[in-house]
Each structure stands twice: as C-alpha cells, then as structure tokens.
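S.K.: Generate a structure from the sequence data that follows.
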Amino acid sequence: MLSIDRISEGYLILITGLLIVFSALLILVLFFKYGLPLLLYSYKIITKKRVIKIGKQPKKSNEEFTGEIAAAISTAVHLYLNENHDNENAVLTIRQARKLYSPWSSKIYGTHNRL
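M.R.: Residues are numbered from 1 along each chain as shown. You can find the predicted model right below:
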C-alpha cells in the first residue's frame, strides 16, 4: 500500500483547487471576450427582420382624453397615496409576565452531565 503523508496530500488539494479556480476564470474570460459578442451578433441578425421604426409612425392623439381628465386622475392618486388610514396611539405599555418556576423547563439540568 502506498501511503501519502499529510503535507503532500495538502499540496495535492491545493494544486487541484487552484487549477479548478483558474480554469473557471479562464473559461469565463474567453466566454465574455469571444462568446458573448458572437451571441449578441447572432441575436442582432435574428431580430433584424422585426425592427419597427418608431419615428415614421404618425402620432395619434386621443381627443377624448383631455388635461382635465389627467388632472382628476392625478388628484385621485395623490389623495389615495397620502391618505392617513389609522391614527393609532403611539404609547406602548409593557407589563412583566409572571413566570412560575418549573424544573421541566429549566435548561440547567440539560447542560451538566451528572454521571
């Protein structure tokens, strides 16, 4: 049987961990440098057919929606958000509860080994 002492086993674990960490970092760097631009370019090609030009569409205005309606809606939202619902008394009353001693709930008996 081959026995490996603890120091060489520690070095083996150290080297394995460093290899895992640095290889993961290298993979991430390669992905962000080369893979991500490739994915973005392919996404751009795929979605190029569905481009909608916003500037050339005629602007439509709703003649029924006036400034008076917008003011009424904003006033209602403002009143709803600033409404004080419950004005409660801010006085706290703390009373000490009387606790009866019970050996069943005492933790000191569980902390010491009495053998």
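S.K.: Reduced to three states, what does residue 28 come out as?
M.R.: Assigned with DSSP: H, G, I helix; E, B strand; the rest coil, residue 28 falls in the helix class.
S.K.: Tell me the spacing between it and residue 36.
M.R.: Using CB to CB, to the nearest Å, we find residue 28 at a distance of 10 Å from residue 36. (C-beta placed from N, C-alpha, C; glycine too.)
S.K.: same check, this time on residue 81
M.R.: 42 Å.
S.K.: Over to residue 14?
M.R.: Taking CB to CB, one finds residue 14 at 32 Å from residue 36.
S.K.: same question, residue 20
M.R.: From residue 20 to residue 36 the distance is 23 Å (CB to CB).
S.K.: repeat for residue 18
M.R.: Taking CB to CB as the measure, residue 18 falls 26 Å from residue 36.
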